[in-house]
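*Asks:* model this:
(one chain, ligands or ions: 1)
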Amino acid sequence: MEENGKDSGVVAMAACYQGFDPAAYLQYNYTPPRADFERTDSIVPWKLACLHRAFTEGDVSGELLVDIGSGPTLYQVLSGCEVFKKVLLTDFLEVNRQELRRWLQDEGGCNMDWTPYLQHVCKLEGRRPSEWTEKAAKLRQVITDVLPVDIHLPQPMASGALPSAGADCLVSCFCLEAASPDLAAFTKALGHIKRLLRPGGHLLLIGALGESYYFGGPGVKIPVVPLNEEQVCASLKETGFTLIRLEVYTLPQDMRVGVDDVTGVFFVKAKKE
Ligand SMILES: Nc1ncnc2c1ncn2[C@@H]1O[C@@H](CSCCNC[C@@H]2Cc3ccc([N+](=O)[O-])cc3CN2)[C@@H](O)[C@H]1O
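*Replies:* Residues are numbered from 1 along each chain as shown. Predicted coordinates for the structure are as follows:
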């Protein structure tokens, strides 16, 4: 522990993120082959199917959904925006919060066209893909803010950002393992975000398995704590979450495109009792 009370590994992680490049990151992970809606074995359709099922199978409800560590992406809340009246996006970096605000303000300058994602989730909802414009409008209506977050703080968001009871549901994708220097910090961060959730609320957690690094931009190599399923389950148990479902996707060879060394992706639905 350093004299200012911050763990040295956490301080080093924050430094790694100074070169993060949202446009490059989107290009690496959210375009084909990893986001190929024509392929049933592509990662993004698998993630969207997990989230759609989790948000719509009847046990998740409430007013407020918070996405922890949104990065420059909003696919995480495409299904949730139909279930919650209010959605908050959050990230550690201003460059990512700006990327999200540019899309929300719909004034151009975005580094990503989310249309295929909106069309795909409309199909999952039994709607015509052409209803993507209504879904985009719904998103812009329910996402009321894009706020700073730091999962390594006991209080990750500014006080007053959430109702005192907490959020009704949290979603977090590829953030905790990529922002934590080691497994202990990952588990501690899980405990920190749990405090943002009301009792009885749900956590939808997506993350990388077996990943030790990824590129957050050209030449921006960011270390990741490599996780396996057992460690994810142990961390959830240690922080007092009740596991409802764990699903695992193993990357086909041609999804390993050199932007990271991830071997699989986990999806967790859990509950804070
Ligand atoms: N202290 C902090 N608190 C909160 N957020 C923080 C903090 N530090 C950094 N952040 C925030 O966390 C970051 C989230 S992006 C992290 C990317 N994770 C790795 C990457 C993702 C990915 C995506 C898709 C697929 N796939 O197979 O389809 C695989 C993979 C595996 N590689 C970033 O937004 C940063 O801004």
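*Asks:* Enumerate the residues of the stretch 101-250 of the chain near the ligand.
*Replies:* Val149, Asp150, Ile151, His152, Phe174, Cys175, Ala178, Ala179, Ala208, Glu211, Tyr214 (CB under 6 Å from any ligand atom). Any C-beta I mention is one placed from the backbone N, CA and C, and that applies to glycine too.
*Asks:* List the ones among these that fall in helices.
*Replies:* Ala178, Ala179 (DSSP state H).
*Asks:* Let me have the residues of the stretch 101-250 of the chain next to the ligand in JSON lines, adding pLDDT and neighbour count as columns.
*Replies:* As requested, those are arranged in JSON lines below (pLDDT from 0 to 100; neighbours: other CB atoms under 10 Å):
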{"residue": "Val149", "pLDDT": "98", "neighbour count": "26"}
{"residue": "Asp150", "pLDDT": "98", "neighbour count": "17"}
{"residue": "Ile151", "pLDDT": "98", "neighbour count": "25"}
{"residue": "His152", "pLDDT": "97", "neighbour count": "21"}
{"residue": "Phe174", "pLDDT": "98", "neighbour count": "23"}
{"residue": "Cys175", "pLDDT": "98", "neighbour count": "24"}
{"residue": "Ala178", "pLDDT": "98", "neighbour count": "23"}
{"residue": "Ala179", "pLDDT": "98", "neighbour count": "25"}
{"residue": "Ala208", "pLDDT": "98", "neighbour count": "24"}
{"residue": "Glu211", "pLDDT": "98", "neighbour count": "21"}
{"residue": "Tyr214", "pLDDT": "98", "neighbour count": "21"}
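*Asks:* just checking, what packs against the helix or strand containing Arg101?
*Replies:* Per DSSP states H and E, Arg101 falls inside helix 94-105. Secondary-structure packing of helix 94-105 (3 or more CB pairs under 8 Å, 6 or more residues apart in numbering; DSSP states H and E): helix 22-29, strand 86-91, strand 143-148.
*Asks:* among those, which is the most enclosed?
*Replies:* strand 86-91 (a mean of 24; mean count of other CB atoms under 10 Å).
*Asks:* Please list the outside residues in contact with that strand.
*Replies:* Strand 86-91 has contacts (CB atoms under 8 Å, 6 or more residues apart in numbering) with 63-72, 74, 77, 80-81, 97, 100, 139, 142-149, 157, 161-162, 167.
*Asks:* Could you rerun that using 7 Å?
*Replies:* Strand 86-91 has contacts (CB atoms under 7 Å, 6 or more residues apart in numbering) with 63-71, 74, 77, 80-81, 97, 100, 142-149, 157.
*Asks:* If any of these are buried, put those into a PyMOL selection.
*Replies:* In PyMOL, a selection of the buried entries from the contacts of strand 86-91 looks like this (16 or more other CB atoms under 10 Å):
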select buried, resi 64+65+66+67+68+69+70+71+74+77+80+81+97+100+142+143+146+147+149+157
